[in-house]
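Novice: sequence below, structure please.
(one chain, ligands or ions: 1)
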Amino acid sequence: MIVTIDGPAGAGKSTIARALADRLAFAFLDTGAMYRAVTLDALRSHASWEDAGALAELARRSKIELDETQVYLNGDDVSDAIRTTEVTTHIHFMADNPAVRERMVELQRMYADGKDIVTEGRDQGTVVFPDAECKIFLTASPDERARRRLEELRQRGESPTLAEVLQQQDQRDLRDSSRGVGRLEKAQDAIEVITDGLTPDQVLAHLLEFVRARIPDQQDG
Ligand code: DC
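Specialist: Down below sits the predicted model:
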């Protein structure tokens, strides 16, 4: 069974998707981490951001491997290195490139093949797994999301202001929801969950109920 969780940055997707996969004993795929890894590869290779063909070629060559917790790029553990602001601010060059996306979609489908899986991103329910049995669109208000992002960045030792985080988030939201392919949007058959004022445990309980109701012969507990 495939469970897709899409939504904007800071909606709590990662934490919830991981916890959901854990509770269901499903595999987990963080597709944002794949876009981050391929962006890091471009940064490390000093690729030209203007050369869409070269970026696509690089994406085809990049060896991206993921397990439940770590991300590897060409054999290197880059789980922390992909989370920097430098990577985040350059991702759009890769995420806007249709040929890069095509490669990522291919890798995502290969990863999920034959698995029970929770997959998290922007386009999972719309483009990558349009036939997924359970589709969730997880969101929260911009203020709430920015506050959560700020907390996350501070824990990583970065010290931006709330206004800076909000401004970057607005830019990213605009990019994510206006790109030609794979844009952030709710699949028609997805349920929308707004996480403002809810604890991660409350959101998780709600999603577990939603998914379990769709698993044939699944017992609660
Ligand atoms: O979920 P995240 O913040 O780690 O994602 C990083 C970026 O990757 C985000 O700005 C949009 C892009 N992305 C995408 O275009 N498609 C996906 N399926 C996942 C992420």
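Novice: longest helix in this protein, by residue count?
Specialist: Longest helix of the chain, by residue count under DSSP state H: helix 162-178.
Novice: in that one, what counts as buried?
Specialist: 165, 166, 168, 169, 172, 173, 176 (16 or more other Cβ atoms under 10 Å). Where you see a C-beta, it was placed from the backbone N, CA and C, and this is true even at glycine.
Novice: so what touches it?
Specialist: Applying Cβ atoms under 8 Å, 6 or more residues apart in numbering, the contact partners of helix 162-178 are 8-10, 88-89, 92, 95-96, 122, 142-143, 145-147, 149-150, 153, 160, 183-185.
Novice: in helices, which of the residues you listed appear?
Specialist: Filtering those for helices - DSSP H - leaves 88, 89, 92, 95, 142, 143, 145, 146, 147, 149, 150, 153.
Novice: out of those residues, which touch the ligand?
Specialist: residue 95 (Cβ under 6 Å from any ligand atom).
Novice: now, which of the ones in helices among the contacts of helix 162-178 sits nearest residue 131?
Specialist: Of all the ones in helices among the contacts of helix 162-178, residue 131 sits closest to residue 95, with 23.3 Å by Cβ to Cβ.
Novice: what parts of the protein come near the ligand?
Specialist: Close to the ligand, as judged by Cβ under 6 Å from any ligand atom, the chain has residues 9, 31-32, 35-36, 91, 95, 121-123, 172, 176, 182.
Novice: could I get those residues as CSV with pLDDT?
Specialist: Output for the residues of the chain next to the ligand, formatted as CSV (pLDDT from 0 to 100):
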residue, pLDDT
9, 84
31, 97
32, 96
35, 97
36, 97
91, 95
95, 95
121, 96
122, 95
123, 96
172, 86
176, 88
182, 90
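Novice: next one: the residue lying closest to residue 26 once chain neighbours are set aside from residue 166, what distance?
Specialist: Excluding its sequence neighbours, the residue lying closest to residue 26 (Cβ to Cβ, 6 or more residues apart in numbering) is residue 116, at 4.4 Å. Applying Cβ to Cβ, to the nearest Å, the value for residue 116 to residue 166 is 37 Å.
Novice: which residues in the protein form strands?
Specialist: Assigned by DSSP state E, the chain shows strands spanning 2-6, 27-30, 64-66, 71-73, 76-77, 117-121, 134-139, 191-194.
Novice: turn the ones you listed into CSV, including mean neighbour count.
Specialist: Output for the strands of the chain, formatted as CSV (neighbours: other Cβ atoms under 10 Å):
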stretch, mean neighbour count
strand 2-6, 26
strand 27-30, 22
strand 64-66, 19
strand 71-73, 19
strand 76-77, 12
strand 117-121, 26
strand 134-139, 24
strand 191-194, 15
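Novice: any chance of these in a markdown table, with distance to residue 46 too?
Specialist: Listed next are the strands of the chain as a markdown table, based on distance: least, Cβ to Cβ, whole Å:
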| stretch | distance to residue 46 |
| --- | --- |
| strand 2-6 | 32 |
| strand 27-30 | 26 |
| strand 64-66 | 19 |
| strand 71-73 | 15 |
| strand 76-77 | 17 |
| strand 117-121 | 27 |
| strand 134-139 | 36 |
| strand 191-194 | 41 |
